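Q: coordinates only, sequence not included:
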């Protein structure tokens, strides 16, 4: 065995140590390189983190909404600078270190709203869906409408990290919506007032025309009454369409389909237009295809409105020459056809650049040339909407200075293919026939409540053929007294009355013995779309619009009176005694206060009826009521009474008094008390002078 010398062993150790030193140097270089790389990486991370913090801070400073980020314990992580506009309770560093959300928002939201918010935050942490919601708060005296959105934030491993709570200021949007709603409400109130203003005198016109047709033996008077009734029906249709325009705009207009005869529709339109043409050198021509089916099923009222609007438009802009209506049809299938119509005129025509706006709402083209032409600019817009509802279309061709032609088509169901040539097209066939009751109820008792004497007379006249025993009441308290004393099978209750209105009277009756079962029908001139549903919601069983249509009254009676009270009507001769409508004695009209022509217009041309209305006007004087409400500064009831007087004065031709009453009514409505104080005494002096003059005339 060889023995290694110490020198040799030392030499070997030195070599081994040398190799280890080389390896360590190499590893040290690797460590140095790795350390340098780590240092560079750390510097990059630090730089990126600093930049991210900078951008986060800038985002929080410039973000326009209140944004709060919380951890899973509902303590703040960061918050946008908008928060500090509403609260100075915390510094930014405190927010970053974490503050409970309840403490942060304690000075911003009321306690109740804050509790609701925290409940929603807890639900969001449990990953329950939390829809955005609106919250109104008052901060530093300023109203703020916030839309609040709460979202849950999740880590990559699926664990809840916290919440994102966003407050978006919607104050301007909400204010705009409220202004729009207020404007819409103002429009609805205006339309309701317009409805009442027009329908109150129309109630008398339609009612009295019906009485003439039913009771008069004078054929000339009946012919005049026929025209009045037909024209009144047309006018009411126009009123209804204008009042329904907002419904058309909202897309809620619905057609009311029923059976009708086209010959009757054409006859009514022809009669109406010929009456309007009496003051113009314009000829009305019709070119109606005799093969058009006569018995149709559709909305006759709307189809008539289309034709009236188109023909009325032609009449307004045609000062000489002719207007021509043409109608033809094409069969679609066994039960439907398409009606094609044109309305042509030789009027002033339309400029090419104006044709594109012809069907726009509230637009009248060439206004400088047509300044004297009345109209709202709704007619053609309504026509287009109604025609489209009938699956049709409308277009126009015009040559400026020479004339205009409107082309339209609508789809209609057909009930019978008998054509127009085989039908009798008599204008008086339908419009001239007086309505006759199909039953009577002599054992029935009715209470009619209305503060307007004329309306009471019309209602009584329409109920007369049914032989119903009628009791009058001129206000709410009197209606309560009558109901407490007697039993009624039906009550007709006017809405707008001084003191206690019809709705309040109805509610008080409901609380009386037997009141829950009482049948109460709203009787009012405020006949806007949806009024029937509104009155039913208030507690009425039904709704009857003024002017009262006899057929509508019969339908109400048949539906609401007990069946045991209805009896068939015995066949009687249609001859009735004359009512003396055309009285021969002269009436010494109060020339200074009353416009005779206007008075006779509202009194159906009858001087006898005018005398009766003057007596009713004097008997129904309202001086004490007006003075009482004036002294008490009860402007609501003051407005109602002068409103009633306004209509009564107009009926007897007291135009100035009616206009002055209107001014006071509007002043009371708009809280213009100074104007009332200024005009009240002169108005009352004028009113008393008229009452004294009527009384002196009656005694002479």
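A: It's in. A quick note: this is a predicted structure, and the numbers were derived from the prediction, not measured.
Q: which positions in stretch 334-348 come out as buried?
A: By 16 or more other C-beta atoms under 10 Å, the buried positions in stretch 334-348 come out as 337, 338, 339, 340, 341, 342, 343, 344, 345, 346, 347, 348. (Each C-beta comes from the backbone N, C-alpha and C, glycine too.)
Q: just the ones in strands from those residues, please.
A: 337, 338, 339, 340, 341, 342, 343, 344, 345 (DSSP state E).
Q: where does the prediction get shaky in the stretch 51-200 of the chain?
A: The stretch 51-200 of the chain contains residues with pLDDT under 70 at 51-58, 185, 188-189, 191-197, 199-200.
Q: all helices for it, in order.
A: With DSSP state H, counting those that start in this stretch as the criterion, the stretch 51-200 of the chain has helices at 83-86, 92-97, 101-105, 111-125, 171-215.
Q: mind putting these in a markdown table, mean neighbour count and distance to residue 671 included?
A: Shown next, in a markdown table, are these (neighbours: other C-beta atoms under 10 Å; distance: least, C-beta to C-beta, whole Å):
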| stretch | mean neighbour count | distance to residue 671 |
| --- | --- | --- |
| helix 83-86 | 16 | 37 |
| helix 92-97 | 13 | 50 |
| helix 101-105 | 19 | 41 |
| helix 111-125 | 15 | 35 |
| helix 171-215 | 17 | 14 |
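Q: could you dump the ones you listed to JSON lines with distance to residue 150?
A: Shown next, in JSON lines, are these (distance: least, C-beta to C-beta, whole Å):
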{"stretch": "helix 83-86", "distance to residue 150": "16"}
{"stretch": "helix 92-97", "distance to residue 150": "18"}
{"stretch": "helix 101-105", "distance to residue 150": "11"}
{"stretch": "helix 111-125", "distance to residue 150": "5"}
{"stretch": "helix 171-215", "distance to residue 150": "20"}
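Q: which stretch among these comes nearest residue 680?
A: helix 171-215 (21.5 Å; C-beta to C-beta).
Q: least trustworthy helix or strand in the protein by mean pLDDT?
A: helix 428-431 (a mean of 37; mean pLDDT, DSSP states H and E).
Q: just checking: what are the partner strands of the helix or strand that comes right after it?
A: Using DSSP states H and E, the helix or strand that follows helix 428-431 in sequence is strand 439-440. The strands that strand 439-440 pairs with in its sheet are strand 567-568 (antiparallel) (by DSSP bridges).
Q: contact partners of the partner strand?
A: For strand 567-568, contacts defined as C-beta atoms under 8 Å, 6 or more residues apart in numbering pick out 439, 440, 441, 442.
Q: for the third one, give its distance to residue 488.
A: Right, the one you point to is residue 441. Applying C-beta to C-beta, to the nearest Å, the value for residue 441 to residue 488 is 12 Å.
Q: same thing with the last one?
A: From residue 442 over to residue 488 the distance is 15 Å, taken as C-beta to C-beta.
Q: higher neighbour count, those two?
A: residue 488 (22 against 10; other C-beta atoms under 10 Å).
Q: wait, what's in contact with that one?
A: Shown in contact with residue 488 (C-beta under 8 Å, 6+ apart): 445, 446, 447, 471, 482, 518.
Q: wait, isn't the last one in contact with residue 486?
A: No - Residue 518 sits out of contact with residue 486 when judged by C-beta atoms under 8 Å, with a separation of 11.7 Å.
Q: give me the more crowded residue out of these two.
A: Comparing residue 518 with residue 486 by other C-beta under 10 Å, the one with more neighbours is residue 518, at 18 against 11.
Q: ignoring the adjacent residues along the chain, who's closest to that one?
A: Using C-beta to C-beta, 6 or more residues apart in numbering and skipping the chain neighbours, the partner closest in space to residue 518 is residue 509 (5.7 Å).
Q: surely that neighbour touches residue 491?
A: Yes - if you go by C-beta under 8 Å, residue 509 and residue 491 touch, sitting 7.4 Å apart.
Q: list residues touching both of the two?
A: 479, 483, 518, 520.
Q: in helices only, show me those.
A: 479, 483 (DSSP state H).
Q: could you single out the nearest of the contacts of strand 567-568 to residue 139?
A: Nearest to residue 139, judged by C-beta to C-beta, of those is residue 441 at 65.8 Å.
Q: gap between the closest one and residue 493?
A: Residue 441 is 19 Å from residue 493, by C-beta to C-beta.
Q: what helix or strand is the residue nearest to residue 460 when sequence neighbours are not counted on?
A: Computed as C-beta to C-beta, 6+ apart, the closest residue to residue 460 that is not its neighbour in sequence is residue 470, at 5.5 Å. Per DSSP H and E: residue 470 is located in strand 469-473.
Q: name the strands paired with that strand and say parallel or antiparallel.
A: Applying DSSP bridges, one finds strand 469-473 paired with strand 445-449 (parallel).
Q: relative to helix 171-215, how tilted is whichever helix or strand comes after the strand it pairs with?
A: Using DSSP H and E, the helix or strand that follows strand 445-449 in sequence is helix 453-463. Using axes from the mean of the first three to the mean of the last three C-alpha atoms, to 10 degrees, the direction of helix 453-463 lies 60 degrees away from that of helix 171-215.
Q: show me what helix 453-463 is packed up against.
A: If you count contacts as 3 or more C-beta pairs under 8 Å, 6 or more residues apart in numbering; DSSP states H and E, helix 453-463 packs onto helix 171-215, strand 445-449, strand 469-473, helix 550-560, helix 607-619, helix 635-651.
Q: now with 10 Å, please.
A: helix 171-215, strand 445-449, strand 469-473, strand 490-494, strand 520-524, helix 550-560, helix 607-619, helix 635-651 (3 or more C-beta pairs under 10 Å, 6 or more residues apart in numbering; DSSP states H and E).
Q: mean confidence for the last one?
A: Along helix 635-651, the predicted local confidence has a mean pLDDT of 80.
Q: right, and the helix or strand after that helix?
A: helix 655-669.
Q: and for the fourth one?
A: Stepping forward along the backbone from strand 490-494, the first helix or strand reached (DSSP H and E) is helix 502-511.
Q: how far does that next one sit from its chain's centre?
A: The chain centre lies 26 Å from the centre of helix 502-511; the measure is C-alpha atoms, centre = their mean, to the nearest Å.
Q: ok, and for that helix, which residues are buried?
A: Neighbour counts using 16+ other C-beta under 10 Å place 502, 503, 505, 506, 508, 509 of helix 502-511 among the buried residues.
Q: for these, which one is nearest residue 267?
A: residue 502 (38.4 Å).
Q: how many other residues sit next to the nearest residue to residue 438 once chain neighbours are set aside?
A: Once flanking residues are discounted, residue 438 sits nearest to residue 569: 6.3 Å by C-beta to C-beta, 6+ apart. Neighbours of residue 569 under the rule other C-beta under 10 Å: 13.
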